[in-house]
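next input, structure requested:
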Amino acid sequence: MPLFGRAITLFTIFGFRVRVDLSWALLALLVMSSTAQSFMGSDEPVPPAAAWVLGGVMAIGLLFSIVWHELSHSLVGRRHGMKIRGITLFMLGGVAELEDEPSTPRGEFRMAIVGPLSSFLLAAILGGAFFGLVAIGTWRPLLDLVGQLALMNLALGVFNLFPGFPLDGGRVLRAFLWHVKGDALWATRIASAGGVVFGGLLMAAGIALGLKSHELGYVMWVLIGFFLVRVARTPYRVMLLKSRLGPEPVSKFMGGPPEMVSRAIPVGELMLRFGNQPHDDLLPVSDGERMFGLVTLAQAQRVPRHEWMSRSVGEISVRPTEHLFVTAATSASDALERMRRTGLRSLLVLDGSKIVGTVHAGDLLSFGLRPA
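A predicted model of the protein is given here:
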């Protein structure tokens, strides 16, 4: 369910946690390397050390530009009542992580359009700085760097205006169609299709131009296009799924309660007894008569094998928190949304303080996405 792998928190701004996925390092290195190489190979070559410093500044400028863009989404989204966990940067850009979708076309439009507008504003500021530096006769490589950052933000704004998910233009299109017809599901389907088309065109163009020019830079076009095709239909599928699940309660889909595991048993025994179960299923850990914590086989697998018999399940279990549980009366769509937000594939069902069952994402998905 999660889009990203491991991410490192950089800082918090206006209450939003800004994180960098480890794949961002690849983009940063690519930007640094290409920028440094261009300065070293220019008509007036820059010394290697200075060229790499300029490359580092370019990478930092790109990071700032994406955070600026996504922060504008986050601030406007919060003003319209949307819950946003934070901002995550990854190899192909960045994303404001919404916990829920806009509830009105107006909120959708405003949150979407502010992203490109913020990039255009930053491009204008950098453009003004460029011409100001020209007037005072600044070092040429610095001028080039500021100019490239201005053009990059201009390109970021233009690119995001294409009318297809998950780009901002796709959300603008959905807001318009939603306002006109009053059907959010239909509008989402059209915007998702636009994203698939644009992603496919970008991949085809990247392959064609790459084969013609033999330049590796077009690989990025292919990667971005592949990413767009992969995620473009997700909003439509999620909305379709929620509409089909409707008010169905968790009780309709839940299985029996999982077996309780003693906190004292070694990790190796846990793997031996439950190794054939899905590795992301939650297993309750007991301390006598009370629940001590929760564990998954995925957690156990991260323990080095030579420590399996010396470490207990209690050592690796996590504290039971409210977001890991639902009740039998909880709507299935709410349970699925909680799994999406947390990255879990199952939740435990409580009746008071007693665990009475488990609900799995697979069961909800197979029901919600069955042919109509």
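
any idea how many residues pack against the nearest residue to Ala28 once chain neighbours are set aside?
Ranked by CB to CB, 6 or more residues apart in numbering and with sequence neighbours excluded, the top spatial neighbour of Ala28 is Ala59, at 4.4 Å. C-beta coordinates here come from the backbone N, C-alpha and C atoms, glycine included. A count of nearby residues for Ala59, using other CB atoms under 10 Å, gives 20.

what about Ala59, distance to Leu241?
The gap separating Ala59 from Leu241 is 38 Å, by CB to CB, to the nearest Å.

swap in Asn153?
Separation of Asn153 from Leu241 (CB to CB): 36 Å.

settle it for me: which of the two has more neighbours?
Asn153 (28 against 18).

got the residue ranges for the helices in this protein?
Counting by DSSP state H, one finds helices in the chain at the ranges 24-40, 48-79, 105-136, 140-160, 168-181, 184-213, 219-232, 234-245, 267-274, 297-301, 313-316, 332-342, 361-368.

got the angle for the third one vs helix 168-181?
Put simply, helix 105-136 runs at 150 degrees to helix 168-181, going by axes from the mean of the first three to the mean of the last three CA atoms, to 10 degrees.

helices and strands around helix 105-136, which ones?
If contacts are counted by 3 or more CB pairs under 8 Å, 6 or more residues apart in numbering; DSSP states H and E, helix 105-136 sits against helix 48-79, helix 140-160, helix 168-181.

and the angle from that helix to helix 140-160?
Using the same axes, to 10 degrees: helix 105-136 against helix 140-160 is 160 degrees.

please parse this structure into its domains.
7-245, 250-368 (automatic domain parsing).

list the contacts for Pro105?
175-176, 178-179 (CB atoms under 8 Å, 6 or more residues apart in numbering).

just give me the closest of the residues you listed to Ile355.
Among the contacts of Pro105, Trp178 lies closest to Ile355 (CB to CB), at 40.6 Å.

surely the closest one meets Glu108?
Yes. Counting by CB atoms under 8 Å, Trp178 does reach Glu108; the two are 6.9 Å apart.

one step back: and among the helices and strands packed on helix 105-136, the most buried is which?
Mean neighbour count (mean count of other CB atoms under 10 Å) peaks for helix 168-181 among those, with a mean of 21.

now that helix - C-alpha only, PDB.
Taking Å, rounded to 0.1, in the frame of the first residue of the first chain, the C-alpha atoms of helix 168-181 are listed here in PDB:
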ATOM      1  CA  ASP A 168      -2.100  19.000 -10.600                       C
ATOM      2  CA  GLY A 169      -3.700  19.600 -14.000                       C
ATOM      3  CA  GLY A 170      -5.500  16.300 -13.500                       C
ATOM      4  CA  ARG A 171      -6.900  17.500 -10.300                       C
ATOM      5  CA  VAL A 172      -8.000  20.800 -11.900                       C
ATOM      6  CA  LEU A 173      -9.700  18.800 -14.600                       C
ATOM      7  CA  ARG A 174     -11.400  16.600 -12.100                       C
ATOM      8  CA  ALA A 175     -12.600  19.700 -10.100                       C
ATOM      9  CA  PHE A 176     -14.100  21.200 -13.300                       C
ATOM     10  CA  LEU A 177     -15.800  18.000 -14.400                       C
ATOM     11  CA  TRP A 178     -17.000  17.300 -10.900                       C
ATOM     12  CA  HIS A 179     -18.500  20.900 -10.700                       C
ATOM     13  CA  VAL A 180     -20.200  20.600 -14.100                       C
ATOM     14  CA  LYS A 181     -21.700  17.100 -13.700                       C
END
